[in-house]
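Enquirer: just to be clear, the model below is a prediction. Sequence and coordinates:
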Amino acid sequence: MPSNVASVLSRVNSGEGAAVARLCDFLRIPSVSTDPAHSKDVAHCAEWMVRDLRTMGFNAESVPTAGHPMVLAHHPGTQAGAPRVLFYGHYDVQPADPLELWESPPFEPCLVDGPHGKRIVARGAVDDKGQVMMFVEALRAWHEVAGGPPCPVTLMIEGEEESGSASLEPFMRSHAAQLACDVAVVSDTGMWDIDTPAITTSLRGLCYLEATLTGPSHDLHSGMYGGSLRNPINALASMIASFHDADGRVAIRGFYDGIPEPSKEVLDSWTRLGFSEQEFLAEAGVRHPWGEKGRSCLERVWSRPTCDCNGIFGGYTGVGAKTVIPSKATVKFSCRLVAGQDPERIRQLVEEHLRAQVPPGYSLEVHSHGVNPAIHVRTDSPYLKCATRALRQVFGRDAALIGTGGSIPAVGSIQRILGVESLLVGFGLDDDRVHSPNEKFEVKCFMNGTRSHAAMLAEFGAMAT
Ligand code: BES
Ligand code: MN
Ligand code: MN
């Protein structure tokens with residue numbers, strides 16, 4: 001065991017109460033990046049992090065961008081010749097809506113009893129404030145025991161991840177020298193289960209669009225006009241229905257072109273994980289699977305693309321009834337993308353698919369909310385071996401190598417701009433209600449994650465040449 005790590009881990013253990021209290025302070029700041037009404041809170045949240053990191057000897061600042069600030073912090077580390085670590089995470093959160101479904105207010109963190117002990121309930125608890133704080137707490141323990149981490153550490157903590165990361169790449173290009181590193185560490189994904197850590201090796205990409213179909217010049221009485229012209233909501237609904245065929249495949253021409261099949265080795269390793277589709281769906285309150293025919297549930301979520309509506313509106317949505325044929329109808333929808341799919345090409349194919357169905361004389365406006373490609377991480381890197389050893393120390397078992405259906409645009413940016421691979425070591429669980437009311441993070445996961453980061457830093461330090 002590399003020197004110091006035992007004392008660092010015991011420092012983590014004895015600091016549990018204070019660490020949870022600090023996380024709760026962080027969670028109290030409503031850093032909702034997509035909502036301009038919260039932009040002061042977002043900035044305040046960045047400053048909160050900067051202040052905390054400075055107490056640990058970091059050179060930290062909240063750097064303004066065209067959007068929300070980036071937290072950038074650096075520590076030279078205590079050991080010469082150790083690999084440089086870049087930690088990426090995000091301090092912004094999703095909106096809390098629908099508010100009425102929360103059992104406690106989203107920005108008043110609560111410690112609640114669950115089957116695995118206490119859990120922290122708040123917006124951002126696991127995505128991603130709790131996971132960012134695991135790394136910060138590991139740094140704090142290293143600071144207290146050894147005067148700093150054993151390797152040079154840079155943190156880049158974003159405030160726009162949940163709203164499209166528009167400023168991330170410009171920031172990375174203008175700060176590339178300060179971000180230079182040998183390995184990136186990201187904690188914004190999940191574990192296999194509460195006792196089994198995981199390293200995520202693939203992320204899906206995303207192509208998010210919003211389409212508005214406009215027909216009549218104004219809303220019409222549905223008795224006077226109903227039956228005489230195409231209703232924009234009905235027309236849009238049939239366009240949406242044409243996204244899929246009866247086999248659950250996306251019916252957009254060219255959508256699957258160029259997608260590779262996972263190797264037999266990868267598929268076999270997924271089979272060995274012992275995944276239960278039934279349990280997975282039960283967590284969502286669903287009993288009957290649906291999806292692309294001939295594909296397993298893990299393939300459907302990890303290695304196959306999708307096209308899903310995220311929101312739909314038009315016409316009368318208030319209480320009671322109003323007989324109206326609306327002038328407009330809108331859908332927000334997104335495609336999860338996999339290896340082999342070029343996000344820009346998919347955007348075009350989807351748009352063409354919709355345009356071909358616009359009723360004569362009607363107009364369609366399509367707006368892109370951003371695209372990013374799927375990511376695969378190399379599994380043969382020495383850093384991944386370090387992480388595996390550290391996780392084994394903490395959990396007493398090997399990490400599962402998994403995929404995920406979610407997207408983290410920064411991982412692609414880090415690959416393209418810095419030429420560096422990311423280690424995706426996350427500590428969320430499937431039942432954490434990410435992006436949903438009553439989001440939570442198990443204290444057990446938070447503490448094991450903190451211990452894992454402390455041990456990973458030790459392993460990286462031990463690579464010093
Ligand atoms: N942490 C998630 C990504 C994630 C979710 C990873 C579930 C693993 C499991 C991240 O904060 C997120 O929500 N990403 C967005 C990206 C989008 C806003 C560009 C996503 O996946 O929808
Ligand atoms: Mn996240
Ligand atoms: Mn998220």
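Expert: Arrived safely. Ligands and ions are numbered 1, 2, ... in the order given.
Enquirer: wait, residue 41 touches residue 31, no?
Expert: Yes: judged on Cβ atoms under 8 Å, residue 41 makes contact with residue 31 at a distance of 5.4 Å. The C-beta positions use only the backbone N, C-alpha and C, and glycine is treated the same way.
Enquirer: looking only at neighbour counts, state which of those two leads.
Expert: More crowded of residue 41 and residue 31, by other Cβ atoms under 10 Å: residue 31, with 28 against 19.
Enquirer: for ligand 1, what is the nearest residue in this structure?
Expert: For the chain, the residue closest to ligand 1 is residue 406, as judged by Cβ to the nearest ligand atom, at 2.6 Å.
Enquirer: that residue is in contact with residue 205, isn't it?
Expert: No: taking Cβ under 8 Å as the definition, residue 406 is not a contact partner of residue 205, at 10.4 Å.
Enquirer: against which helices or strands is the helix or strand hosting residue 88 packed?
Expert: Using DSSP states H and E, residue 88 maps to strand 85-90. On a contact count with 3 or more Cβ pairs under 8 Å, 6 or more residues apart in numbering; DSSP states H and E, strand 85-90 meets helix 129-146, strand 153-158, strand 183-186, helix 409-413.
Enquirer: the longest one close to ligand 1?
Expert: Translated: helix 129-146. No: residues of helix 129-146 contacting ligand 1 under Cβ under 6 Å from any ligand atom: none, with a closest distance of 8.2 Å.
Enquirer: and that helix, how far out from the chain middle?
Expert: Distance of helix 129-146 from the chain centroid (Cα atoms, centre = their mean, to the nearest Å) equals 21 Å.
Enquirer: any buried residues in it, and which?
Expert: 129-143, 145-146 (16 or more other Cβ atoms under 10 Å).
Enquirer: of the helices and strands packed on strand 85-90, which is nearest ligand 2?
Expert: Nearest to ligand 2, of all the helices and strands packed on strand 85-90, is helix 129-146, at 7.7 Å by Cβ to the ion.
Enquirer: so which bits of the chain are right by ligand 2?
Expert: 127, 128, 188 (Cβ under 5 Å from the ion).
Enquirer: show me the shaky parts of this structure.
Expert: 1-3 (pLDDT under 70).
Enquirer: tell me the residues of it that contact ligand 1?
Expert: Applying Cβ under 6 Å from any ligand atom, we find that the chain lies next to ligand 1 at 127-128, 161-162, 188-190, 206, 404, 406-409, 434.
Enquirer: mind listing which of these are in strands?
Expert: Under the assignment DSSP state E, the residues of the chain next to ligand 1 contribute 206, 404 to strands.
Enquirer: with neighbour count added, can I get the residues of the chain next to ligand 1 in JSON lines?
Expert: Output for the residues of the chain next to ligand 1, formatted as JSON lines (neighbours: other Cβ atoms under 10 Å):
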{"residue": "127", "neighbour count": "27"}
{"residue": "128", "neighbour count": "27"}
{"residue": "161", "neighbour count": "25"}
{"residue": "162", "neighbour count": "20"}
{"residue": "188", "neighbour count": "27"}
{"residue": "189", "neighbour count": "23"}
{"residue": "190", "neighbour count": "23"}
{"residue": "206", "neighbour count": "23"}
{"residue": "404", "neighbour count": "21"}
{"residue": "406", "neighbour count": "19"}
{"residue": "407", "neighbour count": "22"}
{"residue": "408", "neighbour count": "27"}
{"residue": "409", "neighbour count": "23"}
{"residue": "434", "neighbour count": "20"}
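Enquirer: and which of the residues of the chain next to ligand 1 is nearest residue 17?
Expert: residue 128 (22.3 Å; Cβ to Cβ).
Enquirer: in contact with that closest one, which residues?
Expert: Neighbour list for residue 128: 89, 90, 91, 93, 161, 187, 188 [criterion: Cβ atoms under 8 Å, 6 or more residues apart in numbering].
Enquirer: walk me through the domains of this protein.
Expert: 5-203+374-461, 206-258+305-371 (automatic domain parsing).
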